[in-house]
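Asks: based on what follows, work out the 3D shape:
(2 chains)
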Number of protein chains: 2
Amino acid sequence: MGVPTSIISVVGNDFTPSYFEMLNKYQVKTSGIQIEKNSKTFFWKGKYHTDLNTRDTLVTDLNALANFQPIIDEEDKESPFLMLGNLHPKIQMQVIEQLPKRPKLVVLDTMNYWMEHTWKELMEVLKKVDVITINDSEARQLSKEYSLVKAARKIQEMGVKYVVIKKGEHGALLFHKKKVFFAPALPLEDVFDPTGAGDTFAGGFIGYLANTQDISFENMKRALVFGSNLASFCVEKFGIERLESVTQEELQKRLFQFKQLTLFDIELKNSNKNL
Amino acid sequence: MGVPTSIISVVGNDFTPSYFEMLNKYQVKTSGIQIEKNSKTFFWKGKYHTDLNTRDTLVTDLNALANFQPIIDEEDKESPFLMLGNLHPKIQMQVIEQLPKRPKLVVLDTMNYWMEHTWKELMEVLKKVDVITINDSEARQLSKEYSLVKAARKIQEMGVKYVVIKKGEHGALLFHKKKVFFAPALPLEDVFDPTGAGDTFAGGFIGYLANTQDISFENMKRALVFGSNLASFCVEKFGIERLESVTQEELQKRLFQFKQLTLFDIELKNSNKNL
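Replies: Purely as a prediction, here's the structure:
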């Protein structure tokens, strides 16, 4: 298991060497992380509502991110899998433009803020990506459609081939042409902090695809479940605490629970290929 | 298909013979429906929020329901399956008390209003039922637990054996001891009016169990999917319009879609019985 990974980002002077060591421990290359000595790292503070599925942002300090210019190492320019984190679509585009050829798969994460403030740039970058990951209200905002079926269709018309709609504790949907797949979220005994669950999900999703080198719809279904599985651990503790301790055995055990969760053997009558 | 069904209820002078004819057409016995000549039928009016998953009540006129005293026909007293609709727990109890012996299965529907105003009576009737159907916020309110896993456990401690948590467009969960099952809702092209979807779901759920005469957990899973399937048609048109036109073929076709929706074949490593 494990696939070579590089992070392209920027941090401030408060990002201690221990974080780099932790990433390197998992064979994540960190030479693409710029350090702004006169700045602090991006900071977000929010308050979750009782349902833990919605939240209010209290503080967003861009800090080092404010003037971020992503620079891709020569040896990373051939990476077959690219995950564009939730940032200004112009910065996402800058990454794509540095690559000599189109990666095998480009996944883009975005949010309502960019839909409201940088619509044009977002539309431009959407034409260059294969998969978008957004939550249900963002899918509705982006498409101006209430039905997620219609929303996913409209978003595909914007140039994206696969639409992943994250619904937090309600699971995630994957749409492609006329196909739809749903990965449930596992009902958990304790949810401590949902921050980062969406990122964990996206990382698990593309990590699974990169590791298996298979971008078929069938394999994306597995990647969706793999991402949901990882995210279910993220929320059990604060930050990346739980993710740092999770074992392959725990992942396998929970994967079994994911399978059991939706398994039923109801009989189909007169089933034929027209169904 | 089809199982003998009786409705025990009360209506007013605005409930025209055509409604009785419609019910009788489907072999539903209506002699248990009392007619209050000087009153109107229960009336509810509400406004749905844009997400169609939450709503505000604008008008609730109890009308004929205000003084409802359910009376069970002699021949219905041996019914093996009892569905207690969402009403004052005292009225639900009156139905149970008229039965000479406990039915094979009692399903109870309730809502936040009864938790807030008739807590004691609700706790009494919960001891007499097998299955409760409530939505996720009601499950949290009833149990005072945020985690649905913990909520379902607490509700089982109140005397209910099976807890069905309805989440509207996000599907439904079934809890029993350490087991949990999730039936997704099918992402629909058009959702016109969600009113009655929960009742359709509950009717489909108990109807499936009554028809198959099997109340095992495995069969309840199928019943949950059957109920979700029926409810998915209910929301496509106003009132019972779509349900009146739905065919067995359409039900089978959508059942196939339900199966496809969550099907994935991810491999379990080192799978053993301890998992």
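Asks: check the stretch 51-200 of chain A for the residue nearest chain B and tell me.
Replies: With Cβ to the nearest Cβ as the measure, the residue in the stretch 51-200 of chain A that lies nearest chain B is A:His170; the distance is 3.9 Å. Using the backbone N, CA and C atoms, a C-beta is placed for each residue, glycine as well.
Asks: distance of the residue nearest to that residue when sequence neighbours are not counted from A:Val106?
Replies: Closest residue to A:His170 apart from its sequence neighbours, by Cβ to Cβ, 6 or more residues apart in numbering or on different chains: B:His170 at 3.9 Å. Distance, B:His170 to A:Val106, by Cβ to Cβ, to the nearest Å: 29 Å.
Asks: ok, now A:Phe175?
Replies: Looking at A:Phe175 against A:Val106, where the rule is Cβ to Cβ, the gap reads 17 Å.
Asks: and if you look at A:Ile71?
Replies: 18 Å.
Asks: also A:Leu142?
Replies: From A:Leu142 over to A:Val106 the distance is 17 Å, taken as Cβ to Cβ.
Asks: then A:Lys120?
Replies: Going from A:Lys120 to A:Val106 by Cβ to Cβ gives 19 Å.
Asks: still on that earlier bit, now the phi/psi pair for the residue of the stretch 51-200 of chain A closest to chain B, please.
Replies: Taking degrees, to the nearest 10, you get phi -100, psi 10 for the backbone angles of A:His170.
Asks: and it, how many neighbours?
Replies: A:His170: 21 surrounding residues under other Cβ atoms under 10 Å in any protein chain shown.
Asks: what's the pLDDT at it?
Replies: According to the model's per-residue confidence, A:His170 sits at a pLDDT of 93.
Asks: now do the contacts for the residue nearest to the spatial centre of chain A.
Replies: For chain A, the residue sitting closest to the mean C-alpha position, by Cα atoms, centre = their mean, is A:Ala202 at 2.2 Å. Taking Cβ atoms under 8 Å, 6 or more residues apart in numbering or on different chains as the definition of contact, the neighbours of A:Ala202 are A:83, A:107, A:109, A:133, A:227.
Asks: gap between A:Phe238 and chain B?
Replies: When Cβ to the nearest Cβ, to the nearest Å is the yardstick, A:Phe238 and chain B sit 17 Å from each other.
Asks: what's the burial count for that residue?
Replies: Counted with other Cβ under 10 Å, the neighbours of A:Phe238 add up to 12.
Asks: what of A:Gly12?
Replies: Look at A:Gly12: counted by other Cβ under 10 Å, it has 18 neighbours.
Asks: next one: phi and psi at it?
Replies: phi -110, psi -170.
Asks: make sure it is actually in contact with A:Ser39.
Replies: Yes - taking Cβ atoms under 8 Å as the contact criterion, A:Gly12 and A:Ser39 are neighbours in contact, 4.3 Å apart.
Asks: overlap of the contact sets of those two?
Replies: Common neighbours of A:Gly12 and A:Ser39, using Cβ under 8 Å, 6+ apart, are A:63-64.
Asks: quick one: least confident helix or strand in chain A?
Replies: Comparing helices and strands within chain A by mean pLDDT, DSSP states H and E singles out strand A:55-61 as the least confident, with a mean of 87.
Asks: which residues touch the residue of the stretch 51-200 of chain A closest to chain B?
Replies: When contacts are counted by Cβ under 8 Å, 6+ apart, A:His170 is found next to A:53, A:185, B:167, B:170-171.
Asks: which parts of chain A are helices?
Replies: Counting by DSSP state H, chain A forms helices over residues A:17-25, A:89-97, A:112-117, A:119-126, A:136-143, A:148-157, A:197-212, A:217-234, A:241-245, A:248-261, given from the N-terminal end onward.
Asks: pull out the buried residues from the longest one.
Replies: Across helix A:217-234, burial judged by 16 or more other Cβ atoms under 10 Å in any protein chain shown covers A:219-234.
Asks: fine by me, thanks again.
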